[in-house]
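Peer 1: my questions are about this predicted structure, shown below with the sequence.
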Amino acid sequence: MKMLMLHASLIKYRITEKALKEPEEAISPEGSFQEALVVFTTVEENDDEGVVKRATEEITRQAREVEAERVVIYPYAHLSSALASPGVSLALIKDLASALQEGGVEVHRVPFGWYKSFEIHVKGHPLSEALREISPAEGVKKGREEVTAGISHRYFIVDPTGEIVQIDLDEKLEDVELLRENPALLKYILAEEKGVKPGEEPPSIKSMRRLEIADYEEASDSGHFRFYPKGTFILNALKEWADSMARELEALEVSTPFIYSWERDDIRGQTESFHERHYVVYGSDKRPFVLRFASDFGLFRMISEATLSWRNLPFRMYEYSMSFRLERSGELKGLKRLRAFHMPDIHSFAADLEMGWEEFEKIFTLYLERAAETGVEFALVFRVVEDFWESSKEKILNLMKRSEAPAFVDVLSGMKHYWVIKSELQAVDSVGGNLQLATVQLDVEDSERYGITYIDREGKERGAIIVHCSIGSLERWLYALLEEAHKMEYPSLPLWLAPTQLRFIPVSEEYVEVCEEMASLLEGRVDIDDRDLSVGRRIRDASREWVNMIVVVGKKEIEEGLLPVRFRSGKVEEMTLEDIQRIIYEEMEGFPYLPLPLPKRLSKRFTFTGSS
């Protein structure tokens with residue numbers, strides 16, 4: 001945004017004709033103002049709410065210094081060649097005027113989209129003319145600082161019995177008994193709250209490529225990935241897992257667009273409340289669109305158009321889709337932090353705070369149970385606005401007791417987002433870093449922003465309480481599972497996510513068909529290494545691929561009917577096909593089953609990028 005600020009004893013204008021096909025309806029076709037700071041304003045591409053906040057400060061400061069009695073905002077397209085679209089320009093100019101008024105400044109706007117004749121008498125003192133340029137980056141940075149300015153934090157550890165221990169992050173946390181006994185929570189606090197970052201690269205960054213799971217796509221923007229058949233299989237299995245939770249909650253599934261108009265007040269308002277960096281793209285008519293960073297945009301617009309009564313509440317909605325966040329390049333790190341990701345989102349809509357809390361409890365408990373079943377090491381974290389913490393402490397503590405591990409609680413003196421309480425399951429990787437997986441958030445603001453209302457028992461219109469829920473992006477879960485594998489002496493994925501659960505290795509070609517027959521009798525992901533390589537080489541290859549069970553098949557195995565099953569630990573047990581099937585059934589119980597993602601015979605496969 002560029003602003004030419006002139007301290008004038010008099011400014012007169014009169015509209016003459018349309019400059020745009022659809023100009024703003026003339027708020028006043030002519031005007032005259034005395035003792036004014038006249039701000040000739042050009043809105044540029046990529047200007048946003050952060051720029052408006054910074055511009056408000058600059059104008060207020062200048063008006064105060066020159067002792068102007070009022071401010072006149074004059075839309076002026078001639079200070080830049082990189083203009084924002086008319087819709088965005090008008091919206092931001094209106095926001096600028098509103099912000100100045102809220103600060104106690106008398107403000108007048110000259111109509112937008114019209115040619116005008118004007119007369120101005122500029123005072124001749126040293127401060128009567130000033131040119132300001134405000135970049136989007138500067139504005140966004142200022143906006144984020146303002147959001148958190150003045151918010152203080154108190155930190156607690158709550159054990160599973162409900163005992164509360166206040167901690168000081170500046171003390172030696174290793175001396176806190178509860179943390180010493182719970183290393184995952186200690187690692188989380190050191191990494192996230194104290195900013196002690198691991199000095200080494202997470203090993204999953206190399207293994208995801210070597211195992212032919214995923215890799216960076218150089219032809220795309222940074223932070224965008226390609227997924228090979230194995231990686232796509234794991235994502236699909238994780239999706240089925242997330243889908244099953246939505247079905248258990250009886251959520252209604254929908255699908256909404258990826259991009260939304262930046263000119264709409266509700267879209268911009270939601271973006272501001274989220275405080276995330278976002279992609280902006282331009283349509284054929286040069287109008288700006290924002291790529292969704294969550295499913296809220298389309299879903300909330302959908303629900304705002306629905307006719308709801310108290311009888312419909314609570315209800316839950318589910319959407320699985322791609323989302324996008326324009327993370328800084330220096331923050332991108334493998335599958336942990338990227339710019340495009342698959343997100344399964346559930347939103348619950350409730351009549352009031354009490355019903356909203358019941359939904360929060362229900363979904364938090366489900367996520368806690370499902371996450372624990374994966375074997376991923378995680379810490380339990382709650383962030384709570386102080387007023388809600390003090391008024392709801394007993395029920396919050398009762399909820400925390402559902403975990404067998406202590407929780408870290410961050411009590412905020414005020415709201416910095418739309419929620420009053422937020423739960424986080426924070427995974428801990430193999431090098432001491434952390435990443436958020438599942439989250440549940442109790443939202444008390446967005447219903448008003450989006451007009452999500454219902455008719456209560458008395459026939460009155462009321463705003464709904466919204467509970468935002470996600471088990472976490474699938475890419476982050478994949479990262480966490482790979483990192484968990486690297487904590488093991490012999491890395492492996494859980495059997496339900498292993499692309500190959502069992503591999504037969506025939507000692508010679510004559511046993512390939514026997515392996516085929518045995519594979520057909522098993523319900524599981526079974527493949528056959530029929531390549532013309534030594535048995536030892538094929539066993540090593542299977543181990544490098546993290547195959548959970550390996551069986552070498554020859555004359556002895558066929559005659560005796562017992563198969564030497566080599567597990568990832570290196571242990572070998574003689575088992576029948578029925579024994580193997582029982583293991584697969586037991587470890588798959590409660591998890592989705594998908595078929596083998598690659599040809600059954602390894603001789604039919606080819607290498608994408610990893611070492612064979």
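Peer 2: Structure's in. What do you need?
Peer 1: so where is the stretch 51-200 of the chain shaky, pLDDT-wise?
Peer 2: 137-149 (pLDDT under 70).
Peer 1: what about the strands in it?
Peer 2: 70-75, 107-109, 114-122, 129-133, 153-158, 164-167 (DSSP state E, counting those that start in this stretch).
Peer 1: I'd like these as TSV, with mean neighbour count appended.
Peer 2: Just so you know, the C-beta spots here come from the backbone N, C-alpha and C atoms, and that holds for glycine as well. Listed next are the strands of the stretch 51-200 of the chain as TSV, based on neighbours: other C-beta atoms under 10 Å:
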stretch	mean neighbour count
strand 70-75	22
strand 107-109	19
strand 114-122	14
strand 129-133	14
strand 153-158	17
strand 164-167	14
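Peer 1: nearest to A407, of the ones you listed?
Peer 2: With C-beta to C-beta, the closest approach to A407 among the strands of the stretch 51-200 of the chain belongs to strand 153-158: 4.9 Å.
Peer 1: can you tell me the SS state at A438?
Peer 2: strand (DSSP: H, G, I helix; E, B strand; the rest coil).
Peer 1: need the contact list for it.
Peer 2: 367-368, 371, 423-425, 470-472 (C-beta atoms under 8 Å, 6 or more residues apart in numbering).
Peer 1: try it again at 7 Å.
Peer 2: Contact partners of A438, counting by C-beta atoms under 7 Å, 6 or more residues apart in numbering, are 367, 371, 425, 470-472.
Peer 1: the residues you listed: which two are farthest apart?
Peer 2: Applying C-beta to C-beta across the contacts of A438, the maximum distance is between A371 and S470, 11.8 Å.
Peer 1: pull out the buried positions in stretch 354-367.
Peer 2: In terms of neighbour count (16 or more other C-beta atoms under 10 Å), stretch 354-367 has its buried residues at 355-357, 359-364, 366-367.
Peer 1: in helices only, show me those.
Peer 2: Taking DSSP state H as the definition of helices, these contribute 355-357, 359-364, 366-367.
Peer 1: between those residues, which is closest to L37?
Peer 2: G356 (45.9 Å).
Peer 1: apart from its neighbours in sequence, what residue is nearest that closest one?
Peer 2: I465 (3.5 Å; C-beta to C-beta, 6 or more residues apart in numbering).
Peer 1: also R180?
Peer 2: Using C-beta to C-beta, 6+ apart, the closest residue to R180 is E174 (6.2 Å).
Peer 1: thought that neighbour was touching N182?
Peer 2: No - shown here, E174 and N182 do not form a contact pair, counting by C-beta atoms under 7 Å, at 11.8 Å.
Peer 1: so for the two, which sits in the more crowded spot?
Peer 2: Neighbour count, other C-beta atoms under 10 Å: between E174 and N182, N182 has more, with 20 against 10.
Peer 1: what's near enough to touch that one?
Peer 2: Per C-beta under 7 Å, 6+ apart, neighbours of N182: 405-406.
Peer 1: state the distance from it to A379.
Peer 2: Using C-beta to C-beta, to the nearest Å, N182 is found at 8 Å from A379.
Peer 1: quick revisit: and the buried residues of stretch 354-367 as CSV, adding pLDDT and distance to F606?
Peer 2: Output for the buried residues of stretch 354-367, formatted as CSV (pLDDT from 0 to 100; distance: C-beta to C-beta, whole Å):
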residue, pLDDT, distance to F606
M355, 97, 55
G356, 97, 52
W357, 97, 54
E359, 98, 49
F360, 98, 49
E361, 97, 50
K362, 98, 47
I363, 98, 43
F364, 98, 45
L366, 97, 41
Y367, 98, 39
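Peer 1: can you lay out those residues as a markdown table showing distance to M549?
Peer 2: As requested, these are arranged in a markdown table below (distance: C-beta to C-beta, whole Å):
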| residue | distance to M549 |
| --- | --- |
| M355 | 48 |
| G356 | 46 |
| W357 | 45 |
| E359 | 42 |
| F360 | 41 |
| E361 | 40 |
| K362 | 38 |
| I363 | 36 |
| F364 | 36 |
| L366 | 31 |
| Y367 | 30 |
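Peer 1: residue contacts, S304?
Peer 2: Counted by C-beta under 7 Å, 6+ apart, S304 has contacts 450-452.
Peer 1: and the helix or strand where R449 lies, what does it pack onto?
Peer 2: Using DSSP states H and E, R449 falls within helix 446-450. Using 3 or more C-beta pairs under 7 Å, 6 or more residues apart in numbering; DSSP states H and E, the elements in contact with helix 446-450 are helix 265-274, helix 296-304, strand 465-470.
Peer 1: from what I see, K416 and I151 are in contact.
Peer 2: Yes - using C-beta under 7 Å, K416 makes contact with I151 at a distance of 5.5 Å.
Peer 1: those two: which has the busier surroundings?
Peer 2: K416 (17 against 13).
Peer 1: ranking helices and strands of this structure by mean pLDDT, which lands last?
Peer 2: Each helix and strand of the chain was given a mean pLDDT (mean pLDDT, DSSP states H and E); the minimum falls on helix 136-148 at a mean of 49.
Peer 1: compute the distance between E319 and A242, please.
Peer 2: 11 Å.
Peer 1: hmm, I was thinking of G554
Peer 2: 43 Å.
Peer 1: more neighbours: the two, which one.
Peer 2: Shown here are G554 and A242; by other C-beta under 10 Å, A242 has more neighbours (24 against 16).
Peer 1: can I get the contacts of A438 in a markdown table with distance to R568?
Peer 2: Converted to a markdown table, the contacts of A438 look like this (distance: C-beta to C-beta, whole Å):
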| residue | distance to R568 |
| --- | --- |
| Y367 | 28 |
| A371 | 23 |
| L425 | 26 |
| S470 | 31 |
| I471 | 26 |
| G472 | 26 |
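Peer 1: pLDDT below threshold where in this structure?
Peer 2: 137-149, 269-276, 286, 610-612.
Peer 1: which residue ranges make up each domain of it?
Peer 2: As assigned by automatic domain parsing, the chain contains the domains 2-148, 153-485, 495-603.
Peer 1: follow-up on the earlier one: thought the residue nearest to G356 was touching W357?
Peer 2: No - between I465 and W357 there is no contact under C-beta under 7 Å: 8.6 Å.
Peer 1: can you work out which residues contact both of the two?
Peer 2: By C-beta under 7 Å, 6+ apart, no residue touches both I465 and W357.
Peer 1: can you show me the helices along the stretch 101-250 of the chain?
Peer 2: 136-148, 177-180, 183-188, 204-210, 229-248 (DSSP state H, counting those that start in this stretch).
Peer 1: out of these, deepest packed?
Peer 2: helix 183-188 (a mean of 22; mean count of other C-beta atoms under 10 Å).
Peer 1: with just CA atoms, put that helix into PDB.
Peer 2: This file holds the C-alpha atoms of helix 183-188, laid out as PDB (Å, rounded to 0.1, in the frame of the first residue of the first chain):
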ATOM      1  CA  PRO A 183      10.400 -38.300  29.100                       C
ATOM      2  CA  ALA A 184       8.000 -37.600  26.200                       C
ATOM      3  CA  LEU A 185       6.500 -34.600  28.000                       C
ATOM      4  CA  LEU A 186       9.900 -33.300  29.000                       C
ATOM      5  CA  LYS A 187      11.200 -33.600  25.400                       C
ATOM      6  CA  TYR A 188       8.100 -31.800  24.100                       C
END
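Peer 1: how far off centre is that helix?
Peer 2: Distance of helix 183-188 from its chain centroid, counting by C-alpha atoms, centre = their mean, to the nearest Å, is 22 Å.
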